[in-house]
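Enquirer: any chance you can model this:
(chains A, B and C)
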Amino acid sequence: MDNTLSQQLTPSQKRAVFHIEGPLLVLAGPGSGKTRVITHRIAALVDSGVRPYNICAITFTNKAAEEMRQRAAALGASGGAHISTFHSLCVRILRRYAGSAGVRPNFSIYDASDQARCMKQAVKDCELDATNFPPARMLDAISTLKNKLVDAESFRDYADDFFSKTLAKVYLRYQLILNERNGLDFDDLLLRTAFLLDSWPDVCSELSNRFKFLLIDEYQDTNHAQYRIASALASQHGNICATGDPDQSIYGWRGADIHNILAFETDWPDATIVKLEENFRSTPNILTVADSLIGHNHKRKLKKLLPTRQKDKDVVITASEDEAAEAGSVVRHIEELTATGASLNDIAVFYRVNSMSRVLEEAFIRSKIVYQVVRGVEFYNRKEIRDLLAYLKVLVNPDDEIALLRIINTPARGIGKVTIDRLRAYAARNQLSLFEALKHAERIDSLSKNAKARLAAFVDILRRFEKDTAGPVGPVAERLFEESGLAVALRAAADQGKDALENVNELINAAADYDRQAEQPSLIDYLQQISLFSDTDAYDPASGRVALMTLHAAKGLEFENVFIVGVEEGLLPHEKTNSYEDTDELEEERRLFFVGITRAKTGLYISYARYRTIRGQLLRTIPSRFLFELGCSFTEPADHDDDYDHEDHEQDQPGRGPPSARFTAGQLVQHESFGLGRVKEFIDIGENSIVVVKFNTGQTKSLMLKYTDLVGPF
DNA sequence: CTTGAGTTGGTTTTT
DNA sequence: CCAACTCAAG
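Expert: This next block holds a predicted model:
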């Protein structure tokens, strides 16, 4: 390696970079130059004679992979190394070894909404009530099982209580539906790959010998399936380098198992551990606050962030009246920053939930501050985009019934519910897929002559594209857009069609981009790739705009100035995370805040609003407990006189809830012994009024106002 | 069969 | 508040 490059590294970074053989764990705090270590390490490997072809680096997002590719190239290790996410790697492996893995290579990847459809069907097929067995809950449970590599059959053999047995039935059914449609959900990609590597030793050793050096970033957020895949890939040589920081583990809810990183030394007894504790990113002002906050987590190894920068601006904590005022305060601070020379590129605003972006966007538009909402997947959720993609999906995978049903009457071509039902009945009777039945429409007696003709016309459209699945994607997408009738329908739809047309154009351009970049463009590959896009992938660091994103999306990024808004009880920590008790989930919320804070280099602005509109209702909030854990002189400005002022003010305005009500549904309250909860119902009968509260402990209580110590609004 | 109005229910974070 | 679903009229 180039001497000047290695001179930029600290001794511990050098150790991590040049420790070539055997297992290596890099425990790296935020801002420790971890990414740089990995890219330098790739370069060092190549430098020491390793063929790039034998290197596999796994990152957390496609964006991170892209950046790493570029940086590695800049260090002279260009081309050949496989750098991607776990999911992308699994797609490649599954396509290559489809036969052994028990999948067909043209599988569709099912996203959350596709999964929801399949699950609804599964619950219905099992003759269960959707209220007792909500599809979302079922999916959650199944996802957890899949992440632990428990497939439907093993779970069925294992289930002993009523709920588990029911869940097992649903799981089997759900999986059957997926299989029939040749669809894999995100978890399947991992599970199938893990099973493949486990049950085919020759495949496992072939891959392990191909990837002689394995590097895995953000190891603290790997789940069991990923852990097993990683172990299998390293099985032949043990050249596994994992990097991560237990304090930045924020995906426990998705099955990430912090144990993976904690047990690395046990898994690989001859492992070398390198710690990167210096922080090159943030000022001591910020690190002190971060340290103080994360110190409130009990289940962690003690670790200090060692600052290397000089003191600079103090951390600013702002209390605003409501979310609009909070957004206004963000705008004012941004204007101050830009007035002193900061670029909008250097500014980011983080929030806990996506819905919070709206009020910020409105404020930015009013103040003419340009911004980007980092939400890449949103584009692919637009109706017109999903429609066009559904056509492409059906071409690649005709068994994808979800896609087929989406387009069969889009744009409207007179194929309604009755026709589809008859088609389905025929398919079921003859053990055919819906698409097969469609091709036989002529022979289905129950169909009217008209219906037959319409179905034939539809099949004809698809038939014209049958041979186009191999080559470039852009031209196919463009032609299909026209010939499917989507184009005509959108052009007819006056004003809102205009946006839609632009979006479709963007999609076609993106597809053409893909054609240029891919070594061997194909529709299958394209569709599978875009299914794995993440929000962060859309982040453009040179856009000259303020970046708005969730705290989760902020992972791995850094900004000169960071705003974190809505730091309130119920939001951060989020109320859904059973966080009144000192639980693991609460600790994860704290880590999430920690991740947000440590993204900031120089300016850190934390804020909360005293009132916030939640589901259309203006509610009193409680400042987050985390604010008190920051260790800086934070005093809650709320005092009682202010409260009453506001109450009065509120009562003057009609439409803000009944003035006599002391509680309104949805409101956050605190009880001396039950803790935090939300008002479900307030039965206002004067002196004997009753409040029904659902507490975070899970229990719902009806409390009589005059006997209870319910505190709220705060 | 299509469309629009009305109702209902669900609401975190994401590969 | 919003999306997804239901139902009735055209």
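
Enquirer: and the stretch 51-200 of chain A, which of its residues are near DNA strand C?
Expert: Of all the residues in the stretch 51-200 of chain A, those in contact range of DNA strand C (Cβ under 7 Å from any atom of the strand) are A:113, A:120. C-beta here means a position set from N, CA and C on the backbone, and glycine is covered the same way.

Enquirer: low-scoring pLDDT stretches of chain A, where are they?
Expert: A:1-7, A:494-497, A:578-582, A:634-662, A:664-666, A:671-675, A:680-690, A:692, A:694-714 (pLDDT under 70).

Enquirer: residue of chain A closest to DNA strand B, please.
Expert: Among the residues of chain A, A:Ser534 lies closest to DNA strand B, at 2.4 Å counting by Cβ to the nearest atom of the strand.

Enquirer: what's the neighbour count on that residue?
Expert: As a burial measure, A:Ser534 scores 20 neighbours (other Cβ atoms under 10 Å).

Enquirer: beta partners for A:Gln568?
Expert: One thing to correct before we go on: residue A:568 is Glu, not Gln. A:Pro623 (DSSP bridges).

Enquirer: identify the residues contacting it.
Expert: A:Glu568 sits next to A:608-609, A:612, A:621-624 when contact means Cβ atoms under 8 Å, 6 or more residues apart in numbering.

Enquirer: follow-up on the earlier one: ok, the residue of chain A closest to DNA strand B to A:Ala65 distance?
Expert: Taking Cβ to Cβ, to the nearest Å as the measure, A:Ser534 falls 11 Å from A:Ala65.

Enquirer: list the contacts of stretch A:135-152.
Expert: Under the criterion Cβ under 8 Å, 6+ apart, residues A:115-116, A:119-120, A:122-123, A:155, A:158, A:167-168, A:170-172, A:174-175, A:185, A:187-188, A:190-191, A:194-195, A:223-225, A:228, A:254-255 lie in contact with stretch A:135-152.

Enquirer: for stretch A:279-291, that is, sorry about that
Expert: Here stretch A:279-291 has contacts from A:29-33, A:304-315, A:558, A:594, A:597-598, A:600-602, A:604, A:630-632, using Cβ under 8 Å, 6+ apart.

Enquirer: for A:Ala609, see how far away the closest residue to A:Gln310 other than its chain neighbours is.
Expert: Distances taken as Cβ to Cβ, 6 or more residues apart in numbering place A:Thr283 nearest to A:Gln310, at 7.1 Å, with adjacent residues excluded. Distance of A:Thr283 to A:Ala609, computed by Cβ to Cβ: 26 Å.

Enquirer: the more surrounded of the two?
Expert: The neighbour count for A:Thr283 versus A:Ala609, taken as other Cβ under 10 Å, is higher for A:Ala609 (25 against 22).

Enquirer: need phi/psi at the residue of chain A found nearest DNA strand C.
Expert: At 3.3 Å from DNA strand C, A:Gly616 is the closest residue in chain A, using Cβ to the nearest atom of the strand. Backbone torsions of A:Gly616, given as degrees, to the nearest 10, read phi 80, psi 0.

Enquirer: before we move on, the earlier item: select from the contacts of stretch A:279-291 every entry located in strands.
Expert: Applying DSSP state E to the contacts of stretch A:279-291, the entries found in strands are A:306-307, A:600-602, A:604.

Enquirer: quick one: the longest helix that chain A contains to chain centroid distance?
Expert: Using DSSP state H to assign secondary structure, the helix with the most residues in chain A is helix A:494-517. The chain centre lies 24 Å from the centre of helix A:494-517; the measure is Cα atoms, centre = their mean, to the nearest Å.

Enquirer: just the C-alpha atoms of it, please, in PDB.
Expert: Presented in PDB, the C-alpha positions along helix A:494-517 are these (Å, rounded to 0.1, in the frame of the first residue of the first chain):
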ATOM      1  CA  ALA A 494     -55.500  15.800 -17.100                       C
ATOM      2  CA  ASP A 495     -53.500  17.500 -14.300                       C
ATOM      3  CA  GLN A 496     -52.600  14.600 -12.000                       C
ATOM      4  CA  GLY A 497     -51.600  12.500 -15.000                       C
ATOM      5  CA  LYS A 498     -48.800  15.000 -15.600                       C
ATOM      6  CA  ASP A 499     -46.900  14.200 -12.500                       C
ATOM      7  CA  ALA A 500     -47.500  10.500 -13.100                       C
ATOM      8  CA  LEU A 501     -46.100  10.800 -16.700                       C
ATOM      9  CA  GLU A 502     -43.000  12.500 -15.300                       C
ATOM     10  CA  ASN A 503     -42.500   9.700 -12.800                       C
ATOM     11  CA  VAL A 504     -42.800   7.100 -15.500                       C
ATOM     12  CA  ASN A 505     -40.300   9.000 -17.500                       C
ATOM     13  CA  GLU A 506     -38.000   9.000 -14.600                       C
ATOM     14  CA  LEU A 507     -38.400   5.200 -14.200                       C
ATOM     15  CA  ILE A 508     -37.600   4.600 -17.900                       C
ATOM     16  CA  ASN A 509     -34.500   6.800 -17.600                       C
ATOM     17  CA  ALA A 510     -33.500   4.900 -14.500                       C
ATOM     18  CA  ALA A 511     -34.000   1.700 -16.300                       C
ATOM     19  CA  ALA A 512     -31.800   3.000 -19.200                       C
ATOM     20  CA  ASP A 513     -29.200   3.900 -16.600                       C
ATOM     21  CA  TYR A 514     -29.300   0.400 -15.300                       C
ATOM     22  CA  ASP A 515     -28.800  -0.900 -18.800                       C
ATOM     23  CA  ARG A 516     -25.700   1.100 -19.200                       C
ATOM     24  CA  GLN A 517     -24.200   0.100 -15.800                       C
END
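
Enquirer: what residues does it touch?
Expert: The contact list for helix A:494-517 (Cβ under 8 Å, 6+ apart) reads A:379, A:382-385, A:388-389, A:472-474, A:477-478, A:481, A:486-487, A:489-491, A:493, A:521, A:526, A:529.

Enquirer: immediately after that helix, which helix or strand?
Expert: helix A:523-531 (DSSP states H and E).

Enquirer: other SSEs contacting that following helix?
Expert: helix A:86-96, strand A:108-110, helix A:383-396, helix A:494-517 (3 or more Cβ pairs under 8 Å, 6 or more residues apart in numbering; DSSP states H and E).

Enquirer: send me that helix as CSV with only the CA atoms.
Expert: C-alpha atoms of helix A:523-531 as CSV (Å, rounded to 0.1, in the frame of the first residue of the first chain):
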residue,chain,number,x,y,z
LEU,A,523,-35.4,-7.7,-16.8
ILE,A,524,-35.0,-10.4,-14.1
ASP,A,525,-32.0,-8.8,-12.6
TYR,A,526,-33.4,-5.3,-12.9
LEU,A,527,-36.6,-6.1,-11.1
GLN,A,528,-34.8,-8.0,-8.3
GLN,A,529,-32.3,-5.1,-7.9
ILE,A,530,-34.9,-2.4,-7.5
SER,A,531,-36.8,-4.5,-5.0
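
Enquirer: near DNA strand B at all, that helix?
Expert: No - applying Cβ under 7 Å from any atom of the strand, one finds helix A:523-531 separated from DNA strand B by no less than 8.7 Å.

Enquirer: partner strands of the next helix or strand after that helix, parallel or antiparallel?
Expert: Sequence-wise, the next helix or strand downstream of helix A:523-531 (DSSP H and E) is strand A:546-550. If you go by DSSP bridges, strand A:546-550 pairs up with strand A:347-351 (parallel), strand A:371-373 (parallel).

Enquirer: ok, residues contacting the longest one?
Expert: Defining contact as Cβ under 8 Å, 6+ apart, one finds that strand A:347-351 is touched by A:330, A:334, A:337, A:357, A:360, A:546-551, A:554, A:557, A:559-566, A:596, A:599.

Enquirer: out of these, which end up buried?
Expert: When those are checked for burial by 16 or more other Cβ atoms under 10 Å, the buried set is A:330, A:334, A:337, A:357, A:360, A:546-551, A:554, A:557, A:559, A:561-566, A:596, A:599.

Enquirer: for the helices and strands packed on helix A:523-531, give me TSV that also has mean neighbour count.
Expert: Listed next are those as TSV, based on neighbours: other Cβ atoms under 10 Å:
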stretch	mean neighbour count
helix A:86-96	20
strand A:108-110	22
helix A:383-396	21
helix A:494-517	15
